[in-house]
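Visitor: have a look at this fold, sequence not included:
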């Protein structure tokens, strides 16, 4: 199967500039039919620009966008055959729910009665039955977002673009809509690109995650790949591994010896970059141990407990190591100021050589 | 008055024992101050009311005065005779009222025909001479109108437009365009772009988007601009005088003729008639012109 022809969306070295400022520096991405891809990145990384360029709202200054093999770079948005959910909902306040959801159908010359029937079916799917004649301004945030989804889905688009559609909703409604969108996507089989800055949202909804950084794609992979094997310090910290630790790795016998600044060391058999490295890790991989324990495959840093809280289920400790503070959870009770060892399993650390920031290895 | 009293009580509390003692030493003085302030406010309101309603009351009085001459402070005899004269179907007043309204309606149509496309372009397109264009529509208001209209009359004479309804409508429209274009541009700018993009996105052509989304959403602002143009046209005197006289007689011209001829009764009644649409439409405009539109005027 030729990938470039069968892909639902093929973005090829896409460049976009606002005036003289380049926002996208040659982004390439291929989305298979029926796939749910999340574009993840902090604000200003170009993810919304990428989505709006695919939708046709923003002109590309270079590169190509192919939808099912058809180049659409110079096609106006109304001829691209996709639908988008906006962050601001973008519902038309002068129309009813029926007017909003049925707009695309009326454009396509569907008779009035059929529009009503099909809108009713869409609303039923979204648990909005009976709201046809309500003004959209009289709806709650969650209902508005459902109407926006209904408006997009009513025209049965092969491609659905989602521009942070859930970011304005409260947490409970957000979780609910997240799973509803996902369910609808697997039922209706449309291809979806979802832009978000919410890591968990991207992880739970997407088949594949695209992490973007400063107008470039930093990493593409399944949620598990990106989470467990970030390919750069940027991706590692974006995926939550925000603690850093300087380590020194030297060959020793069959494996390597990993040594921290304060002298604590461990032997390790896995493949890691050699030399001065920086380890990125999440709080939840650390555990408490004896300060002088020596465990192969784990580095133990001696420190002191400075704070203890009980959020429920387990204790949460703040451990001071030198001038640094790390948060650790542990089920046992420990006294404050007690010397402890912070145990970090080397297999869970993301190690990147200090000299260059790309092409890191995973320990 | 009560506000003053509360204030001093609150201050006494915050100042503590020492300050409270000092405040308490002159409750009479505080009362005098409060009374003085209230009296001043009342006086201010009275002056304001007189300035606003005085001329109106004078108009109303004149309109029912059948005979009124010096040295009498009030009319000598009252009656509705002049109202009958004005509203007589064959009278000048009714025909010039019809002329005025007809011209105002045509002026609104001409102004909208220009201001809707121009306002949309100014709001949405990245025009290189945007500010210059906005100022261009302001120009008819920026110079002494008599100087302008003498020239306009001269030019219109060449085209055979003097003394015609068309000529007067064109003069009024040029005058009203500053309101209609600026307000229309603001009304279009206040329409969220995403609302248009959402329509384009699911298959609407730019024209269809304009007529189903942009225009309905900008309609209240455009409606307000139309009312402004209508009222401006109804009140317009100088341009009509230079371009329309003697064939076209609008209500303000009739008012001018009546007061020049010393017929204050007819002039007062005409002025009162002119007042009705102004006051009525001001209430409507206040409802239509929302803050989000007003904040974008002239941007």
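Guide: Happy to help now that I have it. Computed from a predicted structure; not experimentally measured.

Visitor: around residue A:339, how many other residues sit close by?
Guide: 11 (other C-beta atoms under 10 Å in any protein chain shown). From N, CA and C alone the C-beta is placed, and that goes for glycine too.

Visitor: residue B:262 belongs to a strand, doesn't it?
Guide: No: Residue B:262 is assigned coil when assessed by DSSP: H, G, I helix; E, B strand; the rest coil, not a strand.

Visitor: so it versus chain A, what's the distance?
Guide: Computed as C-beta to the nearest C-beta, to the nearest Å, the residue B:262 to chain A distance reads 54 Å.

Visitor: now the strands for the stretch 51-200 of chain B?
Guide: Counting by DSSP state E, counting those that start in this stretch, the stretch 51-200 of chain B has strands at residues B:65-67, B:77-78.

Visitor: of the ones you listed, which is nearest residue B:153?
Guide: strand B:65-67 (36.7 Å; C-beta to C-beta).

Visitor: centre of the chain to the closest one, how far?
Guide: How far strand B:65-67 lies from its chain's middle: 31 Å, per C-alpha atoms, centre = their mean, to the nearest Å.

Visitor: list the buried residues for it?
Guide: Residues of strand B:65-67 classed as buried: residue B:65 (neighbour count, 16 or more other C-beta atoms under 10 Å in any protein chain shown).

Visitor: check stretch B:210-228 too.
Guide: B:210, B:212-215, B:217-218, B:220-228.

Visitor: same check, this time on stretch A:196-214
Guide: For stretch A:196-214, a neighbour-count test (16+ other C-beta under 10 Å) marks A:196-199, A:201-203, A:205-213 as buried.

Visitor: and for stretch B:273-281?
Guide: By neighbour count on 16+ other C-beta under 10 Å, the buried set for stretch B:273-281 is B:273-274, B:277, B:281.

Visitor: between the residues you listed, which is nearest chain A?
Guide: residue B:281 (22.7 Å; C-beta to the nearest C-beta).

Visitor: quick one: the residue lying closest to that closest one once chain neighbours are set aside and residue B:188, what's the gap?
Guide: Excluding its sequence neighbours, the residue lying closest to residue B:281 (C-beta to C-beta, 6 or more residues apart in numbering or on different chains) is residue B:227, at 4.7 Å. Remark: distance between residue B:227 and residue B:188 (C-beta to C-beta, to the nearest Å) = 18 Å.

Visitor: cool, and residue B:90?
Guide: 46 Å.

Visitor: so which of those two has more stuff around it?
Guide: residue B:188 (25 against 6).

Visitor: which residues does the residue lying closest to residue B:146 once chain neighbours are set aside contact?
Guide: Spatial nearest neighbour of residue B:146, chain neighbours left out: residue B:238 (6.1 Å); criterion: C-beta to C-beta, 6+ apart. Taking C-beta atoms under 8 Å, 6 or more residues apart in numbering or on different chains, we find residue B:238 in contact with B:145-146, B:149.

Visitor: list just the nearest of those to chain A.
Guide: Set against chain A, the nearest of these by C-beta to the nearest C-beta is residue B:145 (38.8 Å).

Visitor: quick check: the closest one touching residue B:239?
Guide: Yes: assessed by C-beta atoms under 8 Å, residue B:145 is found in contact with residue B:239 at 7.1 Å.

Visitor: ok, these two, which is more surrounded?
Guide: residue B:239 (23 against 18).

Visitor: mind pulling up the pLDDT for the residue of the stretch 1-150 of chain B found nearest chain A?
Guide: Nearest residue of the stretch 1-150 of chain B to chain A, counting by C-beta to the nearest C-beta: residue B:126, 10.7 Å away. According to the prediction, residue B:126 has pLDDT 78.

Visitor: output the longest helix belonging to chain B.
Guide: Longest helix in chain B by number of residues, with DSSP state H as the criterion: helix B:27-63.

Visitor: what's the offset of it from the middle of its chain?
Guide: 26 Å.

Visitor: helices and strands around it, which ones?
Guide: Helices and strands touching helix B:27-63, by 3 or more C-beta pairs under 8 Å, 6 or more residues apart in numbering or on different chains; DSSP states H and E, are helix B:2-24, helix B:264-288.

Visitor: least reliable of those helices going by mean pLDDT?
Guide: Among these, helix B:2-24 scores lowest, with a mean of 45.

Visitor: quick check: end-to-end length of stretch B:236-250?
Guide: End-to-end distance for stretch B:236-250: 9 Å, by C-alpha to C-alpha, to the nearest Å.

Visitor: what is the burial count for residue A:250?
Guide: Around residue A:250 there are 11 residues (other C-beta under 10 Å).

Visitor: oh, I was asking about residue A:11
Guide: 23.

Visitor: can I assume it sits in a strand?
Guide: Yes: assessed with three-state DSSP, residue A:11 lies in a strand.

Visitor: how close does it get to residue A:40?
Guide: Noted for residue A:11: a distance of 16 Å to residue A:40, by C-beta to C-beta.

Visitor: same check, this time on residue A:201
Guide: Relative to residue A:40, and taking C-beta to C-beta, residue A:201 is found at 9 Å.

Visitor: contacting residues for residue A:216?
Guide: A:25-27.

Visitor: how about a cut-off of 6 Å?
Guide: residue A:25 (C-beta atoms under 6 Å, 6 or more residues apart in numbering or on different chains).

Visitor: measure it to residue A:164 for me?
Guide: 20 Å.

Visitor: thinking again about what came up before, residue A:86 is nearest to which of the strands of the stretch 51-200 of chain B?
Guide: Evaluated over the strands of the stretch 51-200 of chain B, closeness to residue A:86 peaks at strand B:65-67, with 65.1 Å, by C-beta to C-beta.

Visitor: what parts of chain A come near chain B?
Guide: Within chain A, the residues that sit near chain B (C-beta under 6 Å from any C-beta of the partner chain) are A:55, A:57, A:77-78, A:83-84, A:86, A:88, A:90, A:92, A:94, A:104, A:107, A:155.

Visitor: could you work out the most separated pair of those residues?
Guide: A:55 and A:94, at 23.1 Å, using C-beta to C-beta across these.

Visitor: which one of the two is surrounded by more residues?
Guide: residue A:55 (22 against 17).

Visitor: shouldn't the more buried one be in contact with residue A:84?
Guide: Yes: between residue A:55 and residue A:84 there is a contact under C-beta atoms under 6 Å: 5.3 Å.

Visitor: and for the two, which residues touch both?
Guide: Joint contacts of residue A:55 and residue A:84 (C-beta under 6 Å, 6+ apart) are A:161, B:201.
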